[in-house]
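[1] attaching a predicted model along with its sequence, questions to come.
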Amino acid sequence: MSASAAQSAAPTSTDQTSVNAAVLATSTYDASGRQPAAAAASAAELASTKITLLSSLGHFPDFPIPGIHFIDILPLFQDPAVHNSLLRALELQVLEFSEKPDVVVGLDARGFLFGPSLALRLNASFVPVRKQGKMPGPCVTASYEKEYGTDFFQMQEGSVKPGQKVLVVDDIIATGGSAAAAGKLVKQLGGELMGYLFILEIPVLDGRSKLGGVPTVTLLETNE
Ligand SMILES: O=P(O)(O)OC[C@H]1O[C@H](OP(=O)(O)OP(=O)(O)O)[C@H](O)[C@@H]1O
Ligand SMILES: Nc1ncnc2[nH]cnc12
């Protein structure tokens, strides 16, 4: 299934497990159309990885301001085995897009925790989007609103070349404001925004609606 198809079907975590099974098995269905054991085993491994990842997340009510239920992804990086599973699972999720990225763009700051490692696995460049005032030289700037405040993002001019296929990655899509601003900057630099990839989605906040129909894939979801 292409990422755009996956998006229009608005898959749940469980649906995405089947999507991944389908992706893994695309070229390996047998004559009767049954899924071979190896692909089924990979799908089962991915499903079990998702359970491990979900159970590793931290939950903090009323942080950073009252009324926000903050989900902490930092524990995913404390155990090397969990960290490795996360990167493997993200690499598999990239197969849902119909093309391979030339550039992985990661968002300040939590997109920097896994964006470069994922880019290396994909043999793609890594380029940061940073909060305003952190990078030298000419930059393009976009303002945005997120779940708990307003901010400004920047990218260095020339960091993405016109026509390069760009995958924007971040830890969490909540309201979608941060991701939408990053996509706007990529397009301003002439990049072809091929998709968004997130570790975690909070579907109740409907962040996808801000992403203009760009193919969007998330590994995990929670409505807490
Ligand atoms: O979908 P949204 O409502 O825009 O929220 C999601 C963004 O909020 C968090 O970043 P934050 O700005 O808190 O920065 P940090 O990574 O530096 O903590 C998170 O890492 C996403 O980038
Ligand atoms: N609820 C949340 N938890 C963690 N990071 C976030 N970024 C935006 N909303 C968030």
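    Received, thanks. Numbering: from 1, shown residues only. Ligands and ions are numbered 1, 2, ... in the order given.
[2] can you pull the buried residues of whatever helix or strand Leu53 lives in?
    Element membership for Leu53 (DSSP states H and E) is helix 37-56. For helix 37-56, the neighbour count (16 or more other Cβ atoms under 10 Å) marks 39, 42-43, 45-47, 49-50, 53, 56 as buried. No exception for glycine: its C-beta is placed from N, CA and C like everyone else's.
[3] what of stretch 150-170?
    Buried-residue list, stretch 150-170, by 16+ other Cβ under 10 Å: 153-156, 159-160, 164-170.
[4] of these, which ones also sit close to ligand 1?
    Asp170 (Cβ under 6 Å from any ligand atom).
[5] may I ask which two of the buried residues of stretch 150-170 are separated the most?
    Gln154 and Lys165 (21.4 Å; Cβ to Cβ).
[6] average pLDDT for the helix holding Leu53?
    For helix 37-56, the mean pLDDT works out to 88.
[7] what residues are up against Thr141?
    132, 152-154, 185 (Cβ atoms under 8 Å, 6 or more residues apart in numbering).
[8] now pLDDT too, for the residues you listed, in TSV please.
    TSV is the format used below for those (pLDDT from 0 to 100):
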residue	pLDDT
Gln132	98
Phe152	98
Phe153	98
Gln154	98
Leu185	99
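[9] tell me the one of these nearest ligand 1?
    Phe153 (9.3 Å; Cβ to the nearest ligand atom).
[10] that closest one reaches Gly111, doesn't it?
    No: applying Cβ atoms under 8 Å, one finds Phe153 not in contact with Gly111, separated by 11.0 Å.
[11] mind listing the shared neighbours of these two?
    Taking Cβ under 8 Å, 6+ apart as the criterion, Phe153 and Gly111 both touch Val129.
[12] hang on, the earlier thing: now, which of the buried residues of stretch 150-170 sits nearest Asp62?
    Asp170 (22.7 Å).
[13] and the helix or strand encompassing that closest one, what does it pack onto?
    According to DSSP H and E, Asp170 maps onto strand 165-173. Contact here means 3 or more Cβ pairs under 8 Å, 6 or more residues apart in numbering; DSSP states H and E; on that basis strand 165-173 packs against strand 103-107, helix 177-188, strand 192-201.
[14] that concludes my questions; thank you for your assistance.
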